[in-house]
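K.L.:
just the structure for this:
(one chain, ligands or ions: 1)
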Amino acid sequence: MTQPCLPYGRQRVDEDDIAAVVEVLRGDWLTTGPRVAEFERAVAEFTGARHAVAVSSGTAALHAAMAALGVVPGDEVIVPALTFAATANCVVYLGATPVFADVCRDTLLVDVASVEVRISPRTRAVVGVDYAGQPCDYDALGELCRVHRLALVADACHSLGAAWRGRPVGTLADLTTFSFHPVKPITTGEGGMVVTDDAEMAARMRTFRNHGITTDHRQREQIGTWYYEMASLGFNYRLNDIQCALGLSQMRKLRTLIERRRDIARQYDRAFAAFGRISPLCARPEAAHGYHLYVVRLDPAAGAPSRAEVFRSLRARGIGVNVHYVPVHLHPFYRSRFGTRPGLCPVAEAASESILSLPIYPAMTDEHVQYVIDQVRSVFESQSLAPAA
Ligand SMILES: *Cc1c(COP(=O)(O)O)cnc(C)c1O
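P.N.:
Numbers count the residues shown, from 1 in each chain. A predicted model of the protein is given here:
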């Protein structure tokens, strides 16, 4: 096989997805039309949640969730340190303070004991992040939040289609947010959704995504009025019908897409267990993992190549390895605004120095998977044959 160019993740868009989009383009409603509610219903039904609110990105979903909870300046929201910046940024959008909890070494999911010690009288909510597509321990997080009367939000941007103890992601927290960015489990180009069983919060988020206006264009059209009221300050966070048509079409194949990801993960697991020089993150037996990411840990033993060397070598061989993530509290913005420093979340900080995400996405072929496995082996083997410096 000639050297392929494999990103760490990418969309799978088929002819039926394209046809669904084209149909909307030929129709009357490009936005605020019927596809929006249909896509919301499809995600609500799949996850088992009562209400779903489509928004323009996963970040908008997190922002809407925080606003629906009534997070205000002075509040604290506990978030894991090892996540995409948006998880914490949405707290800052509302003038509140993100408080960073550490993660568990084996799964890199939020450490519930670390959350507990960070609870203060100002804490309003806890956000769990389903890192790499594996759901957090929502039993332990839910119990902690119940005892302390805190809201629980699931940042499930990695984990649509995953489950915890047989219960689907979407029903495990008060509010669950999804992203439909091209690397995520399904895509709408850009897009997001919040699901919840709480009708009042869903209504608040519908208003929030439409400037704080209490009716949308289509509702006014139907009752024949021009009059509307803006009751609170919102945003234009709408997801349009072109995007929702793509999302609906993608939802029909979500199970197939997840199955393919799991299949690739099994191939990697088998190969790396035999190889023994890198270790995949731990998948908990209670979790049905979505494998948004396939993350391995390089434990630099004597004579092993460094993460930087492995990264460089694999990139040179056309393998788009990546690092998820820089711990959020170490970003310059957080250091200067909130005074966060190294040492705050030692497990997350150490992990971010030693992890690597390998390509995993449904359109990857078995030959691609084998190419990645062979190249990983070869990088380690060429290193151990090199004379000591
Ligand atoms: C992708 C992602 C987001 C943001 O989603 P966008 O759709 O890109 O705005 C938030 N949190 C996590 C954990 C993500 O991976």
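K.L.:
give me the buried stretch members for stretch 253-266, please.
P.N.:
253, 254, 257, 258, 260, 261, 262, 264, 265 (16 or more other CB atoms under 10 Å). Where you see a C-beta, it was placed from the backbone N, CA and C, and this is true even at glycine.
K.L.:
look at whichever residue of the stretch 201-350 of the chain sits closest to the ligand and report its pLDDT.
P.N.:
Closest to the ligand within the stretch 201-350 of the chain is residue 292: 7.5 Å, counting by CB to the nearest ligand atom. The model reports residue 292 with a pLDDT of 98.
K.L.:
repeat that for residue 7.
P.N.:
Taking residue 7 on its own, its pLDDT is 91.
K.L.:
how close does the residue nearest to it when sequence neighbours are not counted get to residue 326?
P.N.:
For residue 7, ignoring the flanking residues on the chain, the nearest one in space by CB to CB, 6 or more residues apart in numbering is residue 320 at 4.1 Å. Distance of residue 320 to residue 326, computed by CB to CB, to the nearest Å: 18 Å.
K.L.:
in a strand, that's where residue 127 is, yeah?
P.N.:
Yes - counting by DSSP: H, G, I helix; E, B strand; the rest coil, residue 127 is found in a strand.
K.L.:
okay, now the residue nearest to residue 47 when sequence neighbours are not counted: neighbour count?
P.N.:
Closest residue to residue 47 apart from its sequence neighbours, by CB to CB, 6+ apart: residue 170 at 2.6 Å. Using other CB atoms under 10 Å, residue 170 has 28 other residues around it.
K.L.:
how about residue 170, secondary structure?
P.N.:
Assignment for residue 170 (three-state DSSP): coil.
K.L.:
doesn't residue 16 make contact with residue 246?
P.N.:
No - at 10.4 Å, residue 246 does not count as touching residue 16 under the criterion of CB atoms under 8 Å.
K.L.:
between these two, which one's more packed in?
P.N.:
Between residue 246 and residue 16, counting by other CB under 10 Å, residue 246 is the more crowded of the two (25 against 11).
K.L.:
what does the pLDDT read for that one?
P.N.:
In this model, residue 246 carries a pLDDT of 98.
K.L.:
also residue 388?
P.N.:
Looking at residue 388, its pLDDT is 49.
K.L.:
dump the residue contacts of the residue nearest to residue 47.
P.N.:
Residue 170 sits next to 43, 44, 46, 47, 48, 49, 154, 156, 160, 176, 195 when contact means CB atoms under 8 Å, 6 or more residues apart in numbering.
K.L.:
quick one: which of these is nearest the ligand?
P.N.:
If you rank these by distance to the ligand using CB to the nearest ligand atom, residue 156 comes first, at 8.4 Å.
K.L.:
next, the buried residues of the host helix or strand of residue 37.
P.N.:
For residue 37, the host element (DSSP states H and E) is helix 34-47. Residues of helix 34-47 classed as buried by neighbour count (16+ other CB under 10 Å): 35, 36, 39, 40, 42, 43, 44, 46, 47.
K.L.:
got phi/psi on residue 177?
P.N.:
Backbone torsions of residue 177, given as degrees, to the nearest 10, read phi -110, psi 140.
K.L.:
grab the nearest non-local neighbour of it.
P.N.:
Nearest residue to residue 177 in three dimensions, chain neighbours excluded: residue 61, at 3.8 Å (CB to CB, 6+ apart).
K.L.:
also residue 62?
P.N.:
The nearest residue in space to residue 62 (CB to CB, 6+ apart) is residue 90, at 3.8 Å.
K.L.:
any idea how far the one you found lies from residue 71?
P.N.:
9 Å.
K.L.:
now do residue 216
P.N.:
From residue 216 to residue 71 the distance is 24 Å (CB to CB).
K.L.:
compare the two (neighbour count), which wins?
P.N.:
Ranked by neighbour count (other CB under 10 Å), residue 216 and residue 71 place residue 71 first, with 24 against 19.
K.L.:
please list all residues in contact with residue 355.
P.N.:
Neighbour list for residue 355: 108, 295, 296, 297, 298, 307, 323, 324 [criterion: CB under 8 Å, 6+ apart].
K.L.:
rerun at 10 Å
P.N.:
Residue 355 sits next to 82, 108, 132, 281, 293, 295-298, 307, 322-325 when contact means CB atoms under 10 Å, 6 or more residues apart in numbering.
K.L.:
what do you get for residue 17?
P.N.:
11, 186, 187, 245, 246, 247, 248, 249, 250, 252, 253.
K.L.:
on that earlier part again, what pLDDT is listed against the residue nearest to residue 177?
P.N.:
pLDDT, residue 61: 98.
K.L.:
so which helix or strand takes in it?
P.N.:
For residue 61, the host element (DSSP H and E) is helix 58-68.
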